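Q: using only what follows, build the 3D model:
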Amino acid sequence: MEARHPGVMVMTNCKQMKLAILSILLTATAHCLAEPAAYSFATPERKLTFPADHGNHPDFKIEWWYITGHLFNEAQDRFGFESTFFRIATRPGTEKTNSLFNDDQIYMAHMAVSDLKSKQFYHEERFNREGWNAWSKTGDLDVRNGSWSLKRRPDGVLELAGSIQSRCSFSLELTPEKPHVIFGENGVSRKGNSETAASYYITWPRLKAEGTMALHGKNHTVKGSAWMDHEISSSQLEEDQTGWDWVSVQFDDGRELMAYMLRLKSGGYSPWSKMVWIDREGKLTHQSKGSFEWQPGGDWKSEITGAVYPISPEFTAIDPASGEKRTFLVQPLMKKQEMTGKLAGVPYWEGACDVIEKSTGQTVGRAYLELAGYVDGLSERLR
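A: Alright, predicted model coming up:
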């Protein structure tokens with residue numbers, strides 16, 4: 001192994017790393033099958049309280065803090081960015097050891113920047129055991145993986161620090177422009193018929209982003225907007241679900257929209273797919289699969305993984321503000337925005353997009369689109 005970043009060890013033998021990760025994930029699955037009732041599951045009876053529930057939940061199997069956004073520099077050059085911190089429990093229970101490293105909790109993290117002027121996509125993955133350089137704390141948001149970190153200050157501002165090898169680094173302050181929301185009925189986001197196929201799904205749908213970015217040695221002052229998800233679960237998908245198409249939209253009129261389409265092995269989408277509108281005051285309007293349409297399109301094939309991603313879908317829904325049916329095109333700002341999954345073996349497409357009103361051809365918002373499970377199904381990993 002060699003040290004690529006302070007506090008982060010990267011295996012030079014990629015096959016060795018994949019075998020190590022596979023061993024850990026198989027161990028986690030074995031423990032889960034042996035003690036299926038030991039992990040906690042999302043239920044309406046557990047009421048979330050804040051800021052404590054912005055922190056970690058070690059009694060759940062998997063948890064992630066996910067930020068995407070659109071940034072502009074002084075010259076109005078545009079960048080997209082993604083920052084995701086994952087916590088994965090390998091066995092039930094929350095008892096800690098005194099070791100500098102703890103294999104009860106595994107931390108993955110992904111960083112990506114889309115340089116939309118040069119059409120370059122930069123990304124990096126990290127994988128660490130819990131210890132002095134990788135953690136997520138209880139009681140409030142404070143998560144780290146090597147030199148990457150995300151922390152909530154007492155004044156409510158989020159501080160995000162990230163980098164991508166030696167090519168890019170950024171430091172951002174993310175200020176909520178409206179309160180966080182909790183998706184799902186009765187505080188639980190259901191993903192299937194089983195009551196355990198569910199999550200707590202907390203989102204800041206609009207964050208003001210300000211900070212600095214260094215790209216190829218050039219420093220930029222950047223401003224823009226971001227979206228943050230925090231999901232907590234022990235069993236996200238059911239056996240017949242292979243992955244999802246997910247989008248977050250920030251409309252220019254001050255509203256937002258989130259939708260996820262859960263794909264089935266037999267083809268089509270699960271009836272548990274969902275769309276949620278967020279009005280200017282943060283009020284939610286949930287729409288089930290039968291009340292909106294999702295049409296995949298714009299296939300792009302990855303030269304690295306061979307996956308074919310529908311990177312330009314359309315969706316049609318009733319706008320709760322007007323009661324009128326509207327159709328939107330999610331238009332990627334560049335095609336090559338794939339996280340190739342070289343470490344954990346879970347590739348997915350995650351990209352900066354514009355949102356186009358089909359009836360007028362006008363841009364009405366910005367979006368991030370995620371397409372997961374197009375190489376290997378995710379149900380075995382997330383249930």
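Q: please make it C-alpha for all contacts and neighbour counts, starting now.
A: OK.
Q: for the most centrally placed residue in the chain, which non-adjacent residue is closest in space?
A: With distances taken as C-alpha atoms, centre = their mean, Tyr66 lies nearest the centre of the chain, 4.0 Å away. Excluding the flanking residues, the one nearest Tyr66 by C-alpha to C-alpha, 6 or more residues apart in numbering is Thr84, at 4.3 Å.
Q: residue contacts, that neighbour?
A: Listed by C-alpha atoms under 8 Å, 6 or more residues apart in numbering, the contact partners of Thr84 are 64-67, 109-111.
Q: in strands, which of these appear?
A: Here DSSP state E is the test, and the contacts of Thr84 give 64-67, 109-111 as lying in strands.
Q: could you find which two of the residues you listed are furthest from each other?
A: Comparing every pair within these by C-alpha to C-alpha identifies Trp64 and Met111 as the most remote, at 13.3 Å.
Q: which among the contacts of Thr84 end up buried?
A: Neighbour counting with 16 or more other C-alpha atoms under 10 Å marks 64-67, 109-111 as buried within the contacts of Thr84.
Q: okay, now the sheet partners of the helix or strand in which Leu71 is found, with direction.
A: Using DSSP states H and E, Leu71 sits in strand 62-72. In the sheet, strand 62-72 lines up against strand 78-89 (antiparallel), strand 218-235 (antiparallel) (DSSP bridges).
Q: chain center to the last one: distance?
A: By that I understand strand 218-235. How far strand 218-235 lies from its chain's middle: 8 Å, per C-alpha atoms, centre = their mean, to the nearest Å.
Q: I'd like the next helix or strand past that strand.
A: strand 241-251.
Q: now for the following helix or strand past that next one, which elements pack on it?
A: Later in the chain than strand 241-251, the nearest helix or strand by DSSP H and E is strand 256-264. Helices and strands touching strand 256-264, by 3 or more C-alpha pairs under 8 Å, 6 or more residues apart in numbering; DSSP states H and E, are strand 241-251, strand 274-278.
Q: and the ones you listed: which comes nearest Ala226?
A: strand 241-251 (8.9 Å).
Q: counting contacts, what elements does that closest one pack onto?
A: For strand 241-251, the packing partners by 3+ C-alpha pairs under 8 Å, 6+ apart come out as strand 256-264, strand 363-372.
Q: could these go into CSV alongside mean pLDDT and distance to Ala89?
A: Listed next are the helices and strands packed on strand 241-251 as CSV, based on pLDDT from 0 to 100; distance: least, C-alpha to C-alpha, whole Å:
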stretch, mean pLDDT, distance to Ala89
strand 256-264, 96, 24
strand 363-372, 97, 21
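Q: for Lys151, find the nearest of those.
A: Nearest to Lys151, of all these, is strand 363-372, at 22.2 Å by C-alpha to C-alpha.
Q: okay, now the sheet partners of that closest one, with direction.
A: Strand 363-372 has the following strand partners under DSSP bridges: strand 241-251 (antiparallel), strand 348-357 (antiparallel).
Q: let me have those in a markdown table, extended by mean neighbour count.
A: Shown next, in a markdown table, are the strands paired with strand 363-372 (neighbours: other C-alpha atoms under 10 Å):
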| stretch | mean neighbour count |
| --- | --- |
| strand 241-251 | 23 |
| strand 348-357 | 23 |
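Q: wait, Val188 touches Ala197, no?
A: No: Val188 is beyond contact range of Ala197, at 10.1 Å (criterion: C-alpha atoms under 8 Å).
Q: ok, the nearest residue to Pro332 once chain neighbours are set aside to Leu329 distance?
A: Closest residue to Pro332 apart from its sequence neighbours, by C-alpha to C-alpha, 6+ apart: Cys353 at 4.1 Å. Separation of Cys353 from Leu329 (C-alpha to C-alpha, to the nearest Å): 10 Å.
Q: next up, the contacts around the residue lying closest to Arg152 once chain neighbours are set aside.
A: Once flanking residues are discounted, Arg152 sits nearest to Leu158: 4.4 Å by C-alpha to C-alpha, 6+ apart. Contacts for Leu158 (C-alpha under 8 Å, 6+ apart) come out as 150-152, 173-175.
Q: quick one on the thing from earlier: tell me the one of the contacts of Thr84 nearest Ser169?
A: Closest approach between the contacts of Thr84 and Ser169, by C-alpha to C-alpha: Met111, at 9.9 Å.
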